[in-house]
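In: Would you be able to build a 3D model of this:
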Amino acid sequence: MRISRLACFALFATLAVPALAFERAFPQIAKRGQLSLEDYPSVFIDGAQRRLTPGAWIRNTNNTIDMPASLRGQRYTVNYTENAQGEIDRVWILTAQEAAQPAPADRKTETGLPRQ
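Out: Numbering: from 1, shown residues only. Reported below is the predicted structural model:
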């Protein structure tokens, strides 16, 4: 009986591991930059002052939403999207592995498709 419980536990643990490893799908229009937050709703991307939209969200490396106030005083490598007015509406803080990959917008130029 004890062995079957242990085997059952091992089976469930093995099945759960792939669920922990996920690959985030970034939109093809996402750009890459260095983000720092100082005075919300203003942010700096690659040293240039930008503005977050009222409904903007920032996802951390665990893909959960962080409040801008909790991110002040640090620099992050991010993917981000802009609205038609050029304001930042979505931000993903990247893991080291994600940052090592080309930005989605840059991948389009590698495949011969025009950048938008």
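In: tell me the helices in the protein, going along the chain?
Out: 2-20, 96-100, 104-110 (DSSP state H).
In: Pick out the shakiest of those helices, pLDDT-wise.
Out: Mean pLDDT values for the helices of the chain show the minimum at helix 2-20, a mean of 57.
In: Check the offset of stretch 25-40 from the chain's centre.
Out: Centroid separation for stretch 25-40 versus its chain: 8 Å, with Cα atoms, centre = their mean, to the nearest Å.
In: which residues touch that stretch?
Out: Residues from elsewhere that reach stretch 25-40 (Cβ atoms under 8 Å, 6 or more residues apart in numbering): 43-47, 52, 68-69, 71-82, 90-93, 99, 102-108, 116. No exception for glycine: its C-beta is placed from N, CA and C like everyone else's.
In: go with 7 Å
Out: 43-46, 68-69, 71-72, 74-81, 91-92, 103-105, 108, 116 (Cβ atoms under 7 Å, 6 or more residues apart in numbering).
In: Asn60 versus Ala30, what's the distance?
Out: 16 Å (Cβ to Cβ, to the nearest Å).
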